[in-house]
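Undergrad: sequence unavailable; structure follows:
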């Protein structure tokens, strides 16, 4: 049943050597790995306007210089990450770079914040995607949380099916979105030039002085806008998913993505300003812009659909990155080993499932509200950004490769910008992002504890291969056979036990002196060379006296160094429902014995034929 | 956790030899075993009136001659059962008597209908008890089903605690009820003589001709009234619960009970007639009578409380009888063996729990309506009544003891009356009691099937004690050790396996040629005398290749008659949550191996110390 359901949802198991075919070419990679960054334009510009509107509508023109700063930042980040891709072609991103150059703890901090961040990627993108849908269909607004949860589930299942399957399926909507955005920008600019599109509100002149605006608010708007930069690092973490030459393909993809993102960002911010769009609840800024340009025509709905789809696919970026990072952390013994196991379809199923469950939890906790999730998301992104830039600085200083000074300067610039932004975050949004200060150290602590455990275990498991294994066949193993009476089942177990050792003890637990006497008499009558020990159970429990007896024997055996084995006779009825007609005491005793960690438990099956 | 809850609800486990102290003296027995019969006056008279009122209020005087017939029937039944008590002092009642004298099938029919009947005893008594409560407190009427279910649960728990514990606790309400009924009858007769109590309605003269009444309706009223006789058989089924001399004590208790019941029945029917009480919904006849005599005074509420309590205790009769009968049937291999097992408090827990669950189901199905349950209940009682009377006739004819002829005649009379009543039942109430005709044969069929299974199993288990057991210590057992690598855990298992046999095979399942080559190299480096077999798993599953390998080895072993043992190395982490950090594949493989019924599975535990 469960197996069939799994097969339908996830597909047939793949052989391990089918792994090669799962690599991505540049265009597939752009679809799978860039959707996070590109889709950020659906909420990034809006976050800037949301802060500025708190002052006045006149302040909205300030989004233009803020966007310019963000563009500079974007260029710095793309350049930095290009360098990281070539320096670390095996992937791993911020985690690898920080760990190698700054040491384990910084690496773990980067890794921990990235893991948290991928969960937020999924939560934010799906929430924003749901916003795009409910902007177009207001009736769905009341069900947005449910909608978001269902979308996460679908993405999870698609990812369990395997990466290229998903990529092939998912690449069209990304290109559709890119096309639609270019259309919006082209139509917007054409409208602005010809003046035949009526703005929602008149826009204020650039440079108009704004009452009541201070540096704090400007910085806050800027830091909110930085959420448009999330997802830039995804490509550098997923280099092993690229077709060879992987680093070169990855770098090209990154540049392609950076260019498109810059155009989108600049375009959307400018047009929002030009057409005087103000952020309102129930409809996104992008939706308002599309409506202004095209009305509620087929184009409008196509734009909303493409936006929703790419945001959904942005969540998919997390599904490429999270399991891979979890694998790297597990390989380095900082996360539980199950994250290293490939599933039936060669994806790291445990990572995929963990990500899906965690993002659903986040969506439920934040009731699917994008603007509440974004500050955590952005700060979570800039911690690893900063760490990997810093790591690269150390890298260049250590390695001193050809042309290392300009490379160093690039990363130094990137690092400085990132630190500045982090400081701005903590100054302007501390009330929303303090959980990060608790959560990330906690994650690092857990990583550490896990690591210590694995080292301890490895130490205890180690075998010295240079010492040959000396073994000997002995007749002195002590074997205990619990017997409930003299039956064929018991007889078979006794024969088996005797075949292994000369030292077999049959144990009978009786709940009355009469039962014990009867058993002893029958045993005597039956000629065996096996000693019978009888125990009196005052409370009709067989498990307790038996366990006490085993302990006594084990204690004696420990003195002489013998091993103790309990040979447990177990019958299997022909039909499963027949077993309802027999006392379950056998099963209970077996379960209790199997919990013992001091003796060997051997179950000898006896199958009824009738 | 569960164990603690169980301890609180049920009490500490009792030793088997504490069993003797659980015997009942006469007065205790009257409380525990007679409550069913005595409490029948709470619904029996009402059932007669419910039929008569369908004709007219003038017909109600006919309840007097009908009650007279029922009294005659009661005397006949008490006499018959007194004889059964002395003839079958080991108890078992209708089942034992019918089986011994009429043969197995009649015995099973009696046993099956009694089992069903005990469930109905609980359901009817608790429903009627709930009626008594809701008569006094009409606000509870809407929750009567819930109330009934909770009451059944409480009785079940009390019974799991043990018989005398309950008896001591429960005897007072029975005596309170007896006292209260005598008070009602005394006050009623006094009122009737002095005429100072106003009747609800004027009563018609005895002998007034009634329009529209026919034999069918009279018989129907009579058969409804017979529900007042349910529970008379309980004492004869529970003789082993009495203190010695058990049969004599039981017979005295039966006579005592018969006398009290006769007085109550006659009294209630007469007074209901005298005070012109008519059956209505929402208030029982007994409640109306009490209200007429005492108003809504403290006496009224005391009577209702005593009635509710004794009905609840009547349910308890089922809890004495059902598990004992189930034990007898299980001992004779007609019911599953678990019904033979005594629980922690020496009660037959499985019987008690089965009864509790079944009665709750019945209450839910019939929505707690007493009058719908009663026809099934009454017919279920009279089938075993008839069978045991018939059985006794055969008994006397066979044994021909001293004074056997009057004894024969007593039982013959009893039998004739019972058959007559059964015929009346089927003629007048077929629409309500037909399920009995399906259910009882079905139960008998199941009994039969269970019996056949036990005979087959016994046959397969039988060991010829006269043939001595010849065993030999051999070195040829084939032992398979699945190994995941070279670790201390594996090393320990290999040493153990080699101590048992010269024929040990280590098996490694690898998911890549590289992993296999590495393992083979390390194995070679490590000098052992043990052969390593490596298997390539294409789908990363270890279980499937391992199982296939075991099957191949087993097939070869079957040719030479060797046994195959799988020695499974298993490590246990120091803290339980450490195990979350390790692949659960070991546990999965172990679970899969333990399902095999063709080879011995030995688990060798290895405990981490750190």
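TA: Okay, I see it. Since the structure is predicted, the reported quantities are computational estimates derived from the model, not experimental observations.
Undergrad: what about the stretch 251-400 of chain A, any weak spots by pLDDT?
TA: Applying pLDDT under 70 to the stretch 251-400 of chain A flags the ranges A:344-346.
Undergrad: what's near enough to touch the residue of the stretch 201-350 of chain A found nearest chain B?
TA: The minimum distance from the stretch 201-350 of chain A to chain B, using CB to the nearest CB, falls at residue A:336 (4.7 Å). Every C-beta, even on glycine, is put in place using the N, C-alpha and C of the backbone. Applying CB atoms under 8 Å, 6 or more residues apart in numbering or on different chains to residue A:336 gives the contacts A:330, A:450, B:580, B:581, B:582.
Undergrad: leaving out sequence neighbours, find the closest residue to the last one.
TA: If you skip the residues right next to it in sequence, residue B:582 has residue A:337 as its closest partner in space, 5.9 Å away by CB to CB, 6 or more residues apart in numbering or on different chains.
Undergrad: poorly predicted segments of the stretch 451-600 of chain A, please.
TA: Across the stretch 451-600 of chain A (using pLDDT under 70), the flagged ranges come out as A:583-584.
Undergrad: where along it do the strands fall?
TA: For the stretch 451-600 of chain A, strands defined by DSSP state E, counting those that start in this stretch occupy the ranges A:478-482, A:503-510, A:531-536, A:564-572, A:600-607.
Undergrad: each with direction, which strands does the fourth one pair with?
TA: Partners of strand A:564-572 in the sheet, by DSSP bridges, are strand A:478-482 (parallel), strand A:600-607 (parallel).
Undergrad: the helices in the stretch 151-300 of chain A, which residues?
TA: A:163-194, A:215-225, A:234-237, A:246-274, A:285-294, A:298-331 (DSSP state H, counting those that start in this stretch).
Undergrad: highest average neighbour count across the ones you listed?
TA: Highest mean neighbour count among the helices of the stretch 151-300 of chain A (mean count of other CB atoms under 10 Å in any protein chain shown): helix A:234-237, with a mean of 31.
Undergrad: and that one, what does it pack against?
TA: helix A:26-33, helix A:63-87, helix A:93-102, helix A:246-274, helix A:298-331 (3 or more CB pairs under 8 Å, 6 or more residues apart in numbering or on different chains; DSSP states H and E).
Undergrad: show me what counts as buried in the first one.
TA: Applying a neighbour-count criterion of 16 or more other CB atoms under 10 Å in any protein chain shown, one finds A:28, A:29, A:30, A:31, A:32, A:33 buried in helix A:26-33.
Undergrad: could you measure from residue A:437 over to chain B?
TA: Remark: distance between residue A:437 and chain B (CB to the nearest CB, to the nearest Å) = 26 Å.
Undergrad: and that residue, what element?
TA: helix A:435-461 (DSSP states H and E).
Undergrad: that helix to strand B:600-607, inter-axis angle?
TA: Computed by axes from the mean of the first three to the mean of the last three CA atoms, to 10 degrees, the angle separating helix A:435-461 from strand B:600-607 equals 110 degrees.
Undergrad: for residue B:553, find the nearest of the strands paired with strand A:564-572.
TA: Closest approach to residue B:553 among the strands paired with strand A:564-572 is made by strand A:600-607 (15.8 Å; CB to CB).
Undergrad: who's in contact with that closest one?
TA: Outside strand A:600-607, the residues that touch it by CB under 8 Å, 6+ apart are A:488-489, A:492-493, A:496, A:563-572, A:574, A:590, A:593-594, B:496, B:565, B:567, B:594, B:596-605.
Undergrad: also stretch A:193-210?
TA: So stretch A:193-210 is contacted by A:55-62, A:64, A:188, A:191, A:273-278, A:288, A:292-293 (CB under 8 Å, 6+ apart).
Undergrad: end-to-end on it?
TA: Terminal residues of stretch A:193-210 lie 26 Å apart, using CA to CA, to the nearest Å.
Undergrad: got the buried residues for it?
TA: Buried residues in stretch A:193-210 (16+ other CB under 10 Å): A:197, A:203, A:204, A:210.
Undergrad: likewise for stretch A:576-586?
TA: For stretch A:576-586, by 16+ other CB under 10 Å, it's A:578, A:581, A:582, A:583, A:585, A:586.
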